[in-house]
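Chemist: Mind looking at a prediction? Sequence and model below.
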Amino acid sequence: MLSGVTVCLGVYSGSLAGPPRALAQDVLRAAPYPVGMTQLEYIDPSDGRPLNLMLIYPAAPATDAVPFKMHLAVNLHLYKDAPVVSDGLKHPLVMFSHGAGGNGSLYAWFGEFLASRGYLVAMLYHFRANTYDSSALYVRNRIWQRPRDLSLDISQLLQDKIWGPHINPNQIGVAGHSQGGFTSLWIGGARVNPDLFVRFQRGWKTNETVPPYIREQMSVDAEPTRNLRDDRVRAAFAMAPGDIRGFGMDEAGLRQMAIPTYLIVGAGDTTTPSDENAGFAAKYIPHAQLDVMPGPVSHEIFGNECDQVGRDNFPDACNDAPGVDRVKLHDHIGNAALQFFDSNLNVRRESPK
């Protein structure tokens, strides 16, 4: 059985590190892998923050193992704490950043899709910006913690005695939804304009609908937004990213995006409309592909399929417009991500028999 571990490691600085060591590219098997999931916790050494994530991975569950029932979700096939597959291969890694106030488990279907094809997928729970513990201090003011969290967790996973041996450090990608999609651009090299970010922070600092004790903790400082690019990350898959311009990422900042980028959004998304976000980013990112799913496809299409409890209690997140097939669209999104990452991370596979 695998269990969560707590490790304290330093944050990676791409600007100080040399090029990654070249590794032979292992050939992943063609047949689907069973998929495991486990919870991990690391510690940010700079301030002691717990850094939690759900790791979804190729597994070797016992023959009598029963899939774990994910809260509010259906059509998942994850074996909790199952042994990781022991195939002697180095596997690609995708880091996943959730939307504001969400959490990694809400996108477990995406992790399962990639893990069944040989990827390890780290679904983060951003500190004090997740479903279970959320504050405007982190969701709005300290959003620069997000790419920093990703870099910390990459370092921690690579050095983890259990997980590090299964990861190819030359095959690391990032994905994310909504504010997490914005995060994937940020860590990939796109930059925020410091003056615009300060204006964004000041808007929340002076927002009198926010309790005073929270506003007192908010800083107005763009310095932490600098140098967040992690050159270990080779490709970015951004789902309905936002709020691109609201957070201060302008044309010049988007042109700094250093890696191949796939932007995908629903045509019916009114939360992060494409023209202002994914479409805007695609115009200026040097190596970007834009995929707008037609019809009344909303912002929430990227979440898990919901069970009846979810549909009853969270209708906006769980219930799609007439004619929208979440299962079919998940297949489209998953295959787009798989082909994108396989191509840009140079993932090799056996030919199907």
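Modeler: Looks like it came in fine. Here the structure is a predicted model, which means the values were calculated and not measured.
Chemist: Where do the helices of the stretch 251-353 of the chain begin and end?
Modeler: Secondary structure of the stretch 251-353 of the chain by DSSP state H, counting those that start in this stretch: the helices cover 251-254, 278-284, 308-313, 315-318, 326-344.
Chemist: Buried deepest among those, which one?
Modeler: Stretch with highest mean neighbour count among these: helix 278-284 (a mean of 20; mean count of other Cβ atoms under 10 Å). Where you see a C-beta, it was placed from the backbone N, CA and C, and this is true even at glycine.
Chemist: how about the helices of the chain, start to end?
Modeler: In the chain, the segments counted as helices under DSSP state H are 108-115, 136, 145-159, 179-187, 194-205, 212-217, 251-254, 278-284, 308-313, 315-318, 326-344.
Chemist: quick check: angle from the first one to helix 326-344?
Modeler: To tie it back to what came earlier, the one meant is helix 108-115. For the pair helix 108-115 and helix 326-344, the angle between their directions (axes from the mean of the first three to the mean of the last three Cα atoms, to 10 degrees) equals 40 degrees.
Chemist: mind saving the C-alpha coords of helix 108-115 as PDB?
Modeler: Taking only C-alpha atoms (Å, rounded to 0.1, in the frame of the first residue of the first chain), the coordinates of helix 108-115 have been written out as PDB:
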ATOM      1  CA  ALA A 108      -9.800  13.100 -11.800                       C
ATOM      2  CA  TRP A 109     -11.200  12.000 -15.200                       C
ATOM      3  CA  PHE A 110      -8.400  13.900 -16.900                       C
ATOM      4  CA  GLY A 111      -5.800  12.300 -14.700                       C
ATOM      5  CA  GLU A 112      -7.200   8.900 -15.400                       C
ATOM      6  CA  PHE A 113      -7.300   9.500 -19.100                       C
ATOM      7  CA  LEU A 114      -3.600  10.300 -19.200                       C
ATOM      8  CA  ALA A 115      -2.500   7.800 -16.600                       C
END
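Chemist: quick one: buried residues of that helix?
Modeler: For helix 108-115, the buried set under the neighbour-count rule, 16 or more other Cβ atoms under 10 Å, comprises 108, 109, 110, 111, 112, 113, 114, 115.
Chemist: Repeat that for the fifth one.
Modeler: The neighbour-count criterion (16+ other Cβ under 10 Å) identifies 196, 197, 198, 200, 201, 204, 205 as the buried residues of helix 194-205.
Chemist: quick one: the closest residue to residue 101 other than its chain neighbours and residue 190, what's the gap?
Modeler: Leaving out its chain neighbours, the residue that sits closest to residue 101 by Cβ to Cβ, 6 or more residues apart in numbering is residue 134, at 4.8 Å. Residue 134 sits 25 Å away from residue 190 when distances are taken as Cβ to Cβ, to the nearest Å.
Chemist: These two: which is more packed in?
Modeler: Using other Cβ atoms under 10 Å, the more surrounded residue of residue 134 and residue 190 is residue 190, with 29 against 16.
Chemist: so the more buried one sits right up against residue 285, yeah?
Modeler: Yes. Using Cβ atoms under 8 Å as the test, residue 190 is close enough to residue 285 to be in contact (7.0 Å).
Chemist: how far does the longest strand belonging to the chain sit from the chain's center?
Modeler: Ranked by residue count, the top strand of the chain under DSSP state E comes out as strand 167-177. Centroid displacement of strand 167-177 relative to its chain, using Cα atoms, centre = their mean, to the nearest Å, is 9 Å.
Chemist: Can you give me the buried ones in it?
Modeler: 167, 168, 170, 171, 172, 173, 174, 175, 176, 177.
Chemist: so which of those comes closest to residue 62?
Modeler: Of all these, residue 62 sits closest to residue 167, with 24.0 Å by Cβ to Cβ.
Chemist: Report the contact partners of that closest one.
Modeler: Residue 167 makes contact with 90, 91, 92, 93, 120, 157, 158, according to Cβ atoms under 8 Å, 6 or more residues apart in numbering.
Chemist: could you dump those residues to a markdown table with pLDDT?
Modeler: Formatted as a markdown table, the contacts of residue 167 follow (pLDDT from 0 to 100):
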| residue | pLDDT |
| --- | --- |
| 90 | 97 |
| 91 | 98 |
| 92 | 98 |
| 93 | 98 |
| 120 | 98 |
| 157 | 98 |
| 158 | 98 |
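Chemist: Relative to residue 155, how far out is residue 45?
Modeler: Applying Cβ to Cβ, one obtains 11 Å for the distance of residue 45 from residue 155.
Chemist: Which one's more surrounded, these two?
Modeler: Applying other Cβ under 10 Å to residue 45 and residue 155 shows that residue 155 carries more neighbours, namely 18 against 13.
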